[in-house]
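Student: can't give you the sequence, but here's the structure:
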DNA sequence: CAGTGGTCTAGACCACGTC
DNA sequence: ACGTGGTCTAGACCACTGC
């Protein structure tokens, strides 16, 4: 994928502040990377479609000013979430081993060589969330040596493995618990729950896929904002 | 713009049900429209990026079944939401009259002198959302004279009654439908659903309290963001 | 005027799925 | 073996902005 190579090189140099706000033109990129113009063009267009840059015919391609936003659900450690709810968090590690990802997950991670970590999270002793996470084995295998009952996986990825979070895709659904999941919570099958599916990227490489199943009787997503500002909180009740 | 011509032709024929779920291939389109493959390709790719279709290498391009989603933070007319989903919206007004608010609502509005409007919203004839709204009678009573089957209440408040939206409090829950609500959707009791509760303020005065109940099998909240940008995509699953 | 992005062409090779 | 989508090439013409 030549266009990906170019795009990543651009992202890297953007992060380094190598350009002012004026990115190289299509022809310039094509020359320096020894590639056709259509290929260079695609790299630039992806940056545009992801909000990094904008283009003006006849003028050029320009970096977009940074905007700070977190999406509708924040990515943050369970421990912080518990602290806000004023409850004592605890974690039981159910699985932590190399295991091939199922097809749907492998499709999103680009490989089925993965590590599976699943955990049951409790607040004040009550199980409230079930986490099922696949991590790319080539990048994250060493995570199996960490203390997964205590540490935030996201913090391990960022701090220990130097895999900064650069992009998130996520989706929230309302579901009915099946027999198996309900058992973990001591609820009956059919109980309502949230299902949050999330893929986290570092420099456009997918790193981990995670599914959170949260009890509908314990979780709400609460939000208080003015049109200009936003702050979304995950609340447990 | 040849690719736009082709894309629009495809959308038209999709709406007419001219294809099953299998769209023409790139080569096929290129031939029938007398255009190069890259141009035909672009038409198909735009359909994919807008959620109409998905592509599988080696197999073909397939229509996506339509579901409807909504950005969590967005406050916007149902009609706009429907337009983006490419579905025909319709509304049945169930109630529109002066009625005292129940205690929980009165607490949030600061009064129980209210007007109740409840509506059933449909997309392509299918009931997908139930809206129950209390508005402060002192500010909003005149809304009962408007066409509540057509107009956006939020737009009426802002444009007609000059009550700008300055703050929003909202909360999203996962619930199981009770008998009564399930009946509106033609679902069985216990089916999963979202419940969004929202209070809207003008200059820190609460104006209206509203509850939306959305079918869990038709709504998802999807989000794709990075630290630099946010683009809440109105994609369906 | 030379440079930019927007569009388009007519080929090409590849990996993959289906038959 | 054949068709599919994914990628890439080396050209081309256009409308537009800057100097």
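Tutor: Nice, thanks for sending it over. Not measured: the values here are computed from a predicted model.
Student: can you pull the contacts of the spatially closest residue to residue A:36 that is not a sequence neighbour?
Tutor: Spatially, and ignoring its direct neighbours in sequence, residue A:36 is nearest to residue A:30 (6.1 Å; C-beta to C-beta, 6 or more residues apart in numbering or on different chains). Where you see a C-beta, it was placed from the backbone N, CA and C, and this is true even at glycine. Residue A:30 is in contact with A:36, A:37, A:39, A:40, counting by C-beta atoms under 8 Å, 6 or more residues apart in numbering or on different chains.
Student: from these, which are also near DNA strand D?
Tutor: Filtering those for proximity to DNA strand D by C-beta under 7 Å from any atom of the strand leaves A:36, A:37, A:39.
Student: pLDDT for those - can I get that in TSV?
Tutor: Converted to TSV, these look like this (pLDDT from 0 to 100):
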residue	pLDDT
A:36	95
A:37	94
A:39	94
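Student: run me through the strand neighbours of the helix or strand hosting residue A:93, direction for each.
Tutor: Using DSSP states H and E, residue A:93 maps to strand A:89-98. Paired neighbours of strand A:89-98 in the sheet (DSSP bridges): strand A:114-123 (antiparallel).
Student: just after the partner strand, pick out the following helix or strand.
Tutor: For strand A:114-123, the succeeding helix or strand toward the C-terminus, using DSSP H and E, is strand A:126-136.
Student: is it true that residue A:95 touches residue A:118?
Tutor: Yes: proximity of residue A:95 to residue A:118 meets the contact threshold set by C-beta atoms under 8 Å, at 4.3 Å.
Student: would you mind telling me which of these two has more residues around it?
Tutor: residue A:118 (19 against 13; other C-beta atoms under 10 Å in any protein chain shown).
Student: residues contacting that one?
Tutor: Contacts of residue A:118 (C-beta under 8 Å, 6+ apart): A:93, A:94, A:95, A:96, A:130, A:131, A:132, A:133.
Student: how about these, which pair is most distant?
Tutor: Greatest spatial distance in the contacts of residue A:118: A:96 and A:130, 14.7 Å, computed using C-beta to C-beta.
Student: looking at the two, which is more packed in?
Tutor: residue A:130 (22 against 18).
Student: can you tell me which residues contact the more buried one?
Tutor: Going by C-beta under 8 Å, 6+ apart, residue A:130 touches A:118, A:119, A:120, A:121, A:181, A:184, A:185, A:212, A:213.
Student: just send those back as a markdown table, with pLDDT and distance to residue B:177 too.
Tutor: Listed next are the contacts of residue A:130 as a markdown table, based on pLDDT from 0 to 100; distance: C-beta to C-beta, whole Å:
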| residue | pLDDT | distance to residue B:177 |
| --- | --- | --- |
| A:118 | 97 | 29 |
| A:119 | 96 | 30 |
| A:120 | 96 | 27 |
| A:121 | 93 | 27 |
| A:181 | 95 | 19 |
| A:184 | 95 | 23 |
| A:185 | 95 | 20 |
| A:212 | 94 | 23 |
| A:213 | 95 | 19 |
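Student: coming back round to it: can I get the contacts of residue A:30 in CSV with neighbour count?
Tutor: As requested, the contacts of residue A:30 are exported to CSV (neighbours: other C-beta atoms under 10 Å in any protein chain shown):
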residue, neighbour count
A:36, 12
A:37, 13
A:39, 18
A:40, 25
